[in-house]
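**Student:** Can you look at this prediction? I've put the sequence above it.
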Amino acid sequence: MTERRIGFEERIAAKASADLESLSLQEKIAVSLGRLKSQRGTTNKELADKLGVSEAYISQVTRAMRDLKVSTLDKMTREWDVPIEELITITKDDLDRIAASHSRRRKKKSAATVTP
């Protein structure tokens, strides 16, 4: 029996459906970072370049696979001119966005596995 690897969106959706407060700080930052990147039309590469970190590091942070350094968090709040609270606050809209994205990916994946 093989264990299926659970993706970030699926983990967040499952935890958040139970209770928003069950999300870790790492997960809250990842969700907020996704929202802010989307609002600003910023890629991981662009953000990494502005913050002086690697694209791989930002990618891991946005998937809640790695902690965000306090110094990088500070640079991010200054770069985007947002209070730190905006990077750790999750809204219902964030969860709806994640659920919709997860649903689209699941449909796309199932369509790709259907053989003609």
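**Tutor:** Looks like it came in fine.
**Student:** so how far is residue 75 from residue 49?
**Tutor:** Residue 49 sits 12 Å away from residue 75, going by C-beta to C-beta, to the nearest Å. Where C-beta positions appear, they are placed from N, C-alpha and C, glycine not excepted.
**Student:** Flag the shaky bits of the chain, pLDDT-wise.
**Tutor:** Low-confidence segments of the chain, defined by pLDDT under 70, are located at 1-21, 101-116.
**Student:** mind running it again at 90?
**Tutor:** In the predicted model of the chain, residues 1-32, 34-35, 38, 63-64, 86-116 satisfy pLDDT under 90.
**Student:** show me the contacts for the nearest residue to residue 84 once chain neighbours are set aside.
**Tutor:** Nearest residue to residue 84, sequence neighbours excluded (C-beta to C-beta, 6 or more residues apart in numbering): residue 77, at 5.4 Å. Counting by C-beta atoms under 8 Å, 6 or more residues apart in numbering, residue 77 touches 83-84, 87.
**Student:** element containing residue 77, please.
**Tutor:** Assigned by DSSP states H and E, residue 77 belongs to helix 70-80.
**Student:** Now that helix: buried residues?
**Tutor:** With burial defined by 16 or more other C-beta atoms under 10 Å, the residues of helix 70-80 counted as buried are 72-73, 76, 80.
**Student:** got CSV for those residues, with distance to residue 53 too?
**Tutor:** Shown next, in CSV, are the buried residues of helix 70-80 (distance: C-beta to C-beta, whole Å):
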residue, distance to residue 53
72, 6
73, 11
76, 10
80, 15
